[in-house]
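Asker: Just need the structure, nothing else, for what follows:
(chains A and B)
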There are 2 protein chains.
Amino acid sequence: MEEIKVFAPATVANLSCGFDVLGCCLDNVGDDMLVKKNDLGRVQITKITGQDLPMETDKNVAGVAVQALLEAADSKQGFDIEIDKKIKAGSGIGSSAASSAGAVYAVNKLLGEPFSQKELIAFAMEGERLASGNAHADNVAPALLGGFSLVKSYEPLEVLKLPAPSDLKMVILHPHIEIKTRDSRGIIRQSVSLKKAINQWGNLAALVSALYTDDYQLLGRSLKDEIVEPIRSILIPHFDSLKGIALKSGALGFGISGSGPSVFAMCRGEETAKKVYAEIEKFYADKTIEFELHLSSINPQGIKEYK
Amino acid sequence: MEEIKVFAPATVANLSCGFDVLGCCLDNVGDDMLVKKNDLGRVQITKITGQDLPMETDKNVAGVAVQALLEAADSKQGFDIEIDKKIKAGSGIGSSAASSAGAVYAVNKLLGEPFSQKELIAFAMEGERLASGNAHADNVAPALLGGFSLVKSYEPLEVLKLPAPSDLKMVILHPHIEIKTRDSRGIIRQSVSLKKAINQWGNLAALVSALYTDDYQLLGRSLKDEIVEPIRSILIPHFDSLKGIALKSGALGFGISGSGPSVFAMCRGEETAKKVYAEIEKFYADKTIEFELHLSSINPQGIKEYK
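Answerer: Next up is the predicted model:
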């Protein structure tokens, strides 16, 4: 195999109670990437469309992630990487993670799969380190594994794939304002009250139970965040109104996607999701902020190959 | 039905990463309780053996819990309660919870079950409030429901029963030193670092996943506590040595039971549990502290009726 074209999905990290440990994979929002072997013995980013991003390998998240993989594999193989960015940078739905994850997935395939999907996570995290200064896994893991991912621990890195109830839909609103992940992390307090932490881990534990038991209502009751949302939501225009609209329209839960500014409404079933989508669209239509809306299933597979 | 005799089991709360939200039920450690209807229109504690505990209804955890139930049921029925305490007070394996849970279970049965087991939790919590000043549910819930319980939230009270892998055994060491729950709570810091809180909820989420997937090794890797154990373990003689011995002997995990001083070793299978039991017994034999050791399965049922 000399080349491969893949779909690199967007992802929603944190999911309210799962700050820094939980994420899920979207199905119809993502980048296209074409990766080809070359004879140059080095990795180069040959084309980027859709976004203005660094072409230098060392400054591009996909380039850095692939170099980390090649070093671990002790491979001198060169690659050309073309990226058609459809996920906007800074959207909060894992734009950098999609590029990093898609690139390592593709290169691993072209090398004959020396690494498992779980092993690829650590390489893709190097792209995240470049993008935000923090090698977090809560976007790259669901992009690579699909469904819901739990980052159990970083030292050592251990990621679990959790089951995804089949009828879940995500409505994503991306208001076109800029919040850098780096800045968004900066406003979070580095210590939390024990009481709130206990509430948070009670909710996260219940959410995991809900995923295993297909209990949509419990899932909804667990999507709470007393620690990060009260602070970060201040940066997101009309957050409280949007949350009220989503829940009133039947969403199970509503929260910030990653570090924002995108927000998500988790819904049971297409019909409810369409209603939530329509109500959010109506509400945002007369605001002065440009926006994008997505409606997606949970993608159980992660990266997909175009045949 | 005029009288009922029940076995009210001991329980292990917290379980390392599940501080204040998780607990499990033991199978062969517990109190016996005999509850009879009387014609006096009031609840009285008629006999307590095995421990020196208050006989006044308002000062006895079982009395207080039953009164809370009767008030909610709007019942004037009187009851005589006899308690044969086998769980030592202050042991950290839910002594007060067993009395409260056993009493409300028995009275509910004698009244024709106006309440579900889950509804009984709130009444039993009133006994905990009397015992420790804090109406916690992480002992009474597993005593009433059996298996593993998760206290998702207190406001509103929501408790989930989680599955218990069938081959789990608990070895419990109760060193006979006194730590009051009230004091043991007092030394815990009321704020925690966000980083440690994230590690803790990552571990708890993984532990819940392990319970659903019968993944004993993951269960073991999840039994970590960076927040409470480092502080409370100081009060428990030889904690670090005991932990080392238990893990070296094959235990999946080791931690403090409730607020101590009891400690638990969670093991897969009878054989490993017996080895852990023997090694702990050997180690503690020449210490100057009296102690008790238990080896128990997880009790999937909770309170049991004697037929």
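
Asker: wait, residue A:270 sits on residue A:169?
Answerer: Yes: with contact defined as Cβ atoms under 8 Å, residue A:270 counts as touching residue A:169 (6.1 Å). Using the backbone N, CA and C atoms, a C-beta is placed for each residue, glycine as well.

Asker: would residue A:287 count as being in a strand?
Answerer: No: per DSSP: H, G, I helix; E, B strand; the rest coil, residue A:287 lies outside any strand segment and is coil.

Asker: Now do it: how many residues are near it, please.
Answerer: 12 (other Cβ atoms under 10 Å in any protein chain shown).

Asker: Likewise for the one 5 residues further on?
Answerer: For residue A:292, the count of nearby residues is 14 (other Cβ under 10 Å).

Asker: host element of the nearest residue to it once chain neighbours are set aside?
Answerer: Spatial nearest neighbour of residue A:292, excluding adjacent residues (Cβ to Cβ, 6 or more residues apart in numbering or on different chains): residue A:174 at 4.5 Å. According to DSSP states H and E, residue A:174 maps onto strand A:168-175.

Asker: can you pull out the helices in the stretch 1-150 of chain A?
Answerer: A:61-73, A:95-110, A:117-132, A:140-145 (DSSP state H, counting those that start in this stretch).

Asker: What of the stretch 151-300 of chain A?
Answerer: Under DSSP H, counting those that start in this stretch, the stretch 151-300 of chain A gives helices at A:181-186, A:194-213, A:216-222, A:229-232, A:239-248, A:270-285.

Asker: Would you convert the ones you listed into CSV that also reports distance to chain B and mean pLDDT?
Answerer: Formatted as CSV, those follow (distance: least, Cβ to the nearest Cβ, whole Å; pLDDT from 0 to 100):
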stretch, distance to chain B, mean pLDDT
helix A:181-186, 10, 70
helix A:194-213, 4, 97
helix A:216-222, 7, 98
helix A:229-232, 11, 94
helix A:239-248, 17, 98
helix A:270-285, 23, 97
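
Asker: What parts of the stretch 51-200 of chain A come near chain B?
Answerer: Taking Cβ under 8 Å from any Cβ of the partner chain, the part of the stretch 51-200 of chain A that reaches chain B is made up of A:150-153, A:158, A:160, A:162, A:188-195, A:197-200.

Asker: Kindly recompute the last result at 7 Å.
Answerer: Within the stretch 51-200 of chain A, the residues that sit near chain B (Cβ under 7 Å from any Cβ of the partner chain) are A:150-153, A:160, A:162, A:188-194, A:197-200.

Asker: Just the buried subset of the residues you listed, please.
Answerer: A:150, A:151, A:152, A:153, A:160, A:162, A:192, A:194, A:197, A:198, A:199, A:200 (16 or more other Cβ atoms under 10 Å in any protein chain shown).

Asker: pretty sure the fourth one is touching residue B:204, no?
Answerer: Which is residue A:153. No: the criterion here is Cβ atoms under 7 Å, and residue A:153 misses it with residue B:204 at 11.7 Å.

Asker: Extract the residue ranges of the stretch 51-200 of chain A that are flagged as low pLDDT.
Answerer: A:180-182 (pLDDT under 70).

Asker: one more time with 90, if that's ok
Answerer: Low-confidence segments of the stretch 51-200 of chain A (pLDDT under 90): A:89-90, A:132-135, A:155, A:178-190.

Asker: Touching stretch A:70-81 from outside, list them.
Answerer: A:33, A:35-46, A:62, A:66, A:103, A:107, A:111, A:114, A:123 (Cβ atoms under 7 Å, 6 or more residues apart in numbering or on different chains).

Asker: circling back: give me the distance from the strand holding residue A:174 to the chain's centre.
Answerer: Relative to the mean C-alpha coordinate of its chain, strand A:168-175 is positioned 12 Å out (Cα atoms, centre = their mean, to the nearest Å).

Asker: now residue A:68: how far from residue A:33?
Answerer: Distance from residue A:68 to residue A:33, counting by Cβ to Cβ, to the nearest Å: 17 Å.

Asker: what's the angle from the strand holding residue A:174 to helix A:270-285?
Answerer: 10 degrees (axes from the mean of the first three to the mean of the last three Cα atoms, to 10 degrees).

Asker: Can you list the strands that strand A:168-175 pairs with?
Answerer: Note on strand A:168-175: by DSSP bridges, its sheet partners are strand A:263-268 (antiparallel), strand A:291-297 (antiparallel).
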